[in-house]
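**Student:** output the structure for:
(one chain, ligands or ions: 2)
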Amino acid sequence: MDNNDLVKKVLSGDKKTISKVITLVDNRDPTVNNIIDKLYPYTGRSQVVGITGPLGVGKSTLIGQMIKSWSKKGKKVAVIAIDPTSPFHGGAILGDRIRMQDCFLDENIFIRSIGTRGAYGGLSKSTDEITKVFDAAGYDIVLIETVGAGQVEVDIAKLAHTTIVVVVPGLGDVIQTIKAGMFEIPDIVVVNKSDLAGADQLVMDLETVLNLSHKKWKPPVLKTVSLKNEGIDDLIRVIEKHWNYQKEKGLLYEKETNKIREELLNLITDDLKTKILNEINKSGLLDLYTKKLISKEITPYIAKDEIIKEILKNKNIS
Ligand SMILES: Nc1nc2c(ncn2[C@@H]2O[C@H](COP(=O)(O)OP(=O)(O)O)[C@@H](O)[C@H]2O)c(=O)[nH]1
Ligand SMILES: [Mg+2]
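**Tutor:** Ligands and ions are numbered 1, 2, ... in the order given. Next up is the predicted model:
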């Protein structure tokens with residue numbers, strides 16, 4: 001199958017082909033650039049929702065309920081799980097938790113796990129490109145599950161139109177964490193496992209803290225019990241509300257502009273880096289200057305300047 005056939009099949013929503021293209025993206029196959037370019041004109045319709053939070057707070061369980069609910073409403077939903085421990089991974093672990101098999105058989109739903117190998121930059125690039133594949137294939141919503149941890153969270157918040165942070169009662173000092181740096185990340189905060197003690201207090205504390213945020217949209221705090229499918233419909237309503245809010249205020253356009261500009265810059269700098277490294281390898285200068293450095297014939301910064309000057313001299317880097 002050539003790229004044109006692949007693209008046609010993705011656009012028609014063919015799950016097998018979508019899966020194949022995602023594998024190409026995940027493996028950073030060189031044909032991907034051309035496929036993404038061909039899909040690009042058909043993107044821009046999906047709502048991208050990031051779901052993040054510590055391991056074990058119930059993100060996957062929550063997502064399992066959300067996608068069932070959406071599917072009943074006729075929405076097409078894709079899930080990208082960037083989580084090595086996600087129950088979406090294999091057959092065996094799925095069984096007793098939630099009947100995820102239902103979801104695999106559901107025409108409206110596509111679940112895909114991707115590895116966390118590679119640098120963060122690489123991870124967010126793959127995630128973004130997989131999102132584009134689902135977007136072009138006609139999925140209304142693309143959910144991205146990540147285990148909350150510093151930079152990944154920030155990257156996903158940049159990618160997503162709506163970012164949901166999931167917390168649970170009794171999990172250390174959630175309030176401090178939110179204050180410390182996650183302040184600007186959530187658009188919605190979910191207190192899952194609200195069947196456990198301390199949920200109401202946590203909701204109140206979170207509301208107090210989040211009210212101090214300078215964001216125009218004050219992140220609502222919602223209680224859920226994902227095991228019992230409680231609070232899910234409210235959550236889905238709020239996600240839709242946030243989408244409409246952003247559209248009405250022109251915030252989607254602003255977000256998209258910033259995102260595209262940053263992506264373009266990343267593509268350029270990645271490519272330039274590769275090309276310059278190739279030039280350096282071809283030139284043999286690295287070996288030469290390493291020797292000079294060892295014999296103290298030269299110093300590091302001067303060596304660096306000389307190599308760059310030499311590489312860029314009369315070079316039409318292409
Ligand atoms: N008590 C309680 N347990 C839950 C709830 N939601 C999920 N769990 C349990 O929490 C554990 C972790 O769930 P999982 O969805 O894998 O969490 P993730 O790591 O955030 O994706 C599982 O044993 C779930 O059954 C809930 O609402 N209440
Ligand atoms: Mg999970």
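**Student:** spatially, what comes nearest to residue 298 if we skip its sequence neighbours?
**Tutor:** residue 292 (4.4 Å; CB to CB, 6 or more residues apart in numbering). Yep, even glycine has a C-beta here, placed from its N, CA and C like the rest.
**Student:** show me what counts as buried in stretch 218-235.
**Tutor:** By neighbour count on 16 or more other CB atoms under 10 Å, the buried set for stretch 218-235 is 219-227, 229, 231-232, 235.
**Student:** go on, stretch 205-215?
**Tutor:** In stretch 205-215, counting by 16+ other CB under 10 Å, buried: 206, 209-210.
**Student:** so which of the residues you listed comes closest to residue 8?
**Tutor:** Of all the buried residues of stretch 205-215, residue 210 has the smallest distance to residue 8: 45.4 Å, by CB to CB.
**Student:** once you drop chain neighbours, what's closest to the closest one?
**Tutor:** residue 219 (5.0 Å).
**Student:** quick one: contacts for the residue in the stretch 201-318 of the chain positioned nearest to ligand 2?
**Tutor:** Closest approach of the stretch 201-318 of the chain to ligand 2 (CB to the ion) occurs at residue 226, with a separation of 11.0 Å. Applying CB atoms under 8 Å, 6 or more residues apart in numbering, we find residue 226 in contact with 58, 61-62, 64-65, 192-193, 232.
**Student:** do the same with residue 53
**Tutor:** 59, 147-148, 165-167, 190.
**Student:** okay, and the residue nearest to it when sequence neighbours are not counted sits in which element?
**Tutor:** Nearest residue to residue 53 in three dimensions, chain neighbours excluded: residue 166, at 3.5 Å (CB to CB, 6+ apart). For residue 166, the element it lies in under DSSP states H and E is strand 162-167.
**Student:** so which elements touch that strand?
**Tutor:** With contacts taken as 3 or more CB pairs under 8 Å, 6 or more residues apart in numbering; DSSP states H and E, strand 162-167 sits against strand 47-53, strand 188-191, helix 232-248.
**Student:** and the last one, what other elements does it pack with?
**Tutor:** Here helix 232-248 touches strand 47-53, helix 59-72, strand 162-167, strand 188-191, strand 221-223, helix 251-283, going by 3+ CB pairs under 8 Å, 6+ apart.
**Student:** and the angle from the second one to helix 232-248?
**Tutor:** Pointing back at helix 59-72 there. 80 degrees (axes from the mean of the first three to the mean of the last three CA atoms, to 10 degrees).
**Student:** beyond helix 59-72, next helix or strand please.
**Tutor:** strand 77-82.
**Student:** residue 76 and residue 21, how far apart?
**Tutor:** When CB to CB, to the nearest Å is the yardstick, residue 76 and residue 21 sit 17 Å from each other.
**Student:** and residue 247, how far is that from ligand 1?
**Tutor:** 29 Å (CB to the nearest ligand atom, to the nearest Å).
**Student:** now residue 279
**Tutor:** From residue 279 to ligand 1 the distance is 45 Å (CB to the nearest ligand atom).
**Student:** you'd agree that residue is up against residue 311?
**Tutor:** Yes. Assessed by CB atoms under 8 Å, residue 279 is found in contact with residue 311 at 5.0 Å.
**Student:** wait, residue 159 touches residue 128, no?
**Tutor:** Yes. Counting by CB under 8 Å, residue 159 does reach residue 128; the two are 5.6 Å apart.
**Student:** does ligand 2 sit close to stretch 154-172?
**Tutor:** No. Contact of stretch 154-172 with ligand 2 (CB under 5 Å from the ion) is absent, the minimum separation being 9.8 Å.
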